[in-house]
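Trainee: only geometry, no sequence info:
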């Protein structure tokens with residue numbers, strides 16, 4: 001694969017994105033980074049695999065933890081960019097430490113903005129004390145809310161943390177319509193919450209993606225993603241006085 005280097009690292013911003021251009025100027029960009037329940041990572045990896053998205057790019061940073069997932073002996077890039085038709089997706093296997101969320105989200109949006117995306121959707125988990133698997137929704141503007149109002153439970157008040165919140169904030173500042181889909185989950189790999197979130201994406205983008213295999217494979221996926229969950233928890237416990245160190 002031939003990559004085009006669209007962002008060069010410098011002293012203040014060490015994020016490199018190597019990618020082919022997005023397929024159109026009307027692309028919807030979906031993003032899933034590890035967080036509570038690994039909802040976004042599981043949902044989007046399942047989507048790109050089942051719908052045969054093309055791998056078009058990757059991103060790296062010296063501040064990313066030294067972790068790489070493998071499949072049948074082949075190493076995956078820790079953060080990957082996929083595309084098909086008018087949908088693109090950023091799927092990550094690694095946690096983003098709170099101290100570098102601004103740098104990562106700002107770097108992603110610097111790369112993405114020239115493509116004039118139609119909208120951005122971040123997918124994450126939200127921990128509740130309820131046994132249900134609901135999907136909560138937020139939008140960057142009042143005008144954007146109707147798009148998800150009938151598909152999710154709109155959060156009336158509260159806060160969002162982590163890389164998802166940084167992405168949404170960057171989109172709001174730049175005037176790009178953006179949505180947060182928060183699958184109700186527990187703090188462990190949760191393919192069932194991911195499946196419910198995919199059902200919302202099905203309605204938003206007419207994906208016609210069958211989620212039953214994901215539910216049936218829940219036990220296997222939970223085991224394979226457990227190491228990522230441990231990395232997320234470790235990152236959250238890392239002291240914030242210095243830049244993150246992993247190892």
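Mentor: Yep, that arrived. Note that the coordinates shown come from a computational prediction; the quantities given were computed from them, not determined experimentally.

Trainee: State the next helix or strand along the chain beyond the helix or strand bottoming out on mean pLDDT in the chain.
Mentor: Taking all helices and strands of the chain together, the one with the lowest average confidence (mean pLDDT, DSSP states H and E) is strand 5-7, at a mean of 47. Beyond strand 5-7 in the direction of the C-terminus, DSSP states H and E gives the next helix or strand as strand 16-19.

Trainee: Describe which strands the following helix or strand past that following strand pairs with in its sheet and in which direction.
Mentor: Moving toward the C-terminus from strand 16-19, the next helix or strand (DSSP H and E) is strand 28-32. Strand pairing for strand 28-32, determined by DSSP bridges: strand 87-92 (parallel), strand 119-127 (parallel).

Trainee: TSV for the ones you listed, including distance to residue 113 and mean pLDDT?
Mentor: Heads up, the C-betas are built off the backbone N, CA and C, glycines and all. Below are those laid out as TSV (distance: least, Cβ to Cβ, whole Å; pLDDT from 0 to 100):
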stretch	distance to residue 113	mean pLDDT
strand 87-92	13	96
strand 119-127	10	94
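
Trainee: And the ones you listed: which comes nearest residue 136?
Mentor: Using Cβ to Cβ as the criterion, the shortest distance between residue 136 and the strands paired with strand 28-32 is 5.8 Å, found for strand 119-127.

Trainee: How about residues contacting the helix or strand just after that closest one?
Mentor: Using DSSP H and E, the helix or strand that follows strand 119-127 in sequence is strand 135-139. Taking contacts as Cβ atoms under 8 Å, 6 or more residues apart in numbering, the residues outside strand 135-139 that touch it are 126, 145, 147-149, 151-155, 160, 168, 177-184, 196-197, 199-200.

Trainee: which neighbours does strand 135-139 have in its sheet, and in what orientation?
Mentor: Strand pairing for strand 135-139, determined by DSSP bridges: strand 153-154 (parallel), strand 178-185 (antiparallel).

Trainee: From the chain's centroid, how far away is the last one?
Mentor: Centroid displacement of strand 178-185 relative to its chain, using Cα atoms, centre = their mean, to the nearest Å, is 10 Å.

Trainee: do stretch 31-49 as well
Mentor: What separates the centre of stretch 31-49 from the centre of its chain is 6 Å, taken as Cα atoms, centre = their mean.

Trainee: same thing with stretch 83-98?
Mentor: In terms of Cα atoms, centre = their mean, the centre of stretch 83-98 is found 5 Å from the chain centre.

Trainee: ok, now stretch 23-39?
Mentor: Distance of stretch 23-39 from its chain centroid, counting by Cα atoms, centre = their mean, is 4 Å.

Trainee: Rounded mean pLDDT for it, please.
Mentor: The pLDDT scores in stretch 23-39 average 91.

Trainee: Kindly report the same for stretch 171-181.
Mentor: When pLDDT is averaged along stretch 171-181, the result is 96.

Trainee: can you list contacts of it?
Mentor: In this structure, residues lying in contact with stretch 171-181 by Cβ under 8 Å, 6+ apart are 109, 113, 117-124, 135-141, 144, 147-148, 152, 160, 164-165, 167-168, 197, 200-201.

Trainee: can you give me the end-to-end distance of it?
Mentor: Stretch 171-181 has an end-to-end distance of 15 Å (Cα to Cα, to the nearest Å).

Trainee: now do stretch 28-37
Mentor: With Cα to Cα applied, stretch 28-37 spans 24 Å between its terminal residues.

Trainee: Which positions in that stretch come out as buried?
Mentor: Buried residues in stretch 28-37, defined by neighbour count with 16 or more other Cβ atoms under 10 Å: 28-37.

Trainee: one step back: how about the strands paired with strand 135-139, which one is nearest residue 55?
Mentor: For residue 55, the closest of these is strand 178-185, at 22.9 Å, according to Cβ to Cβ.
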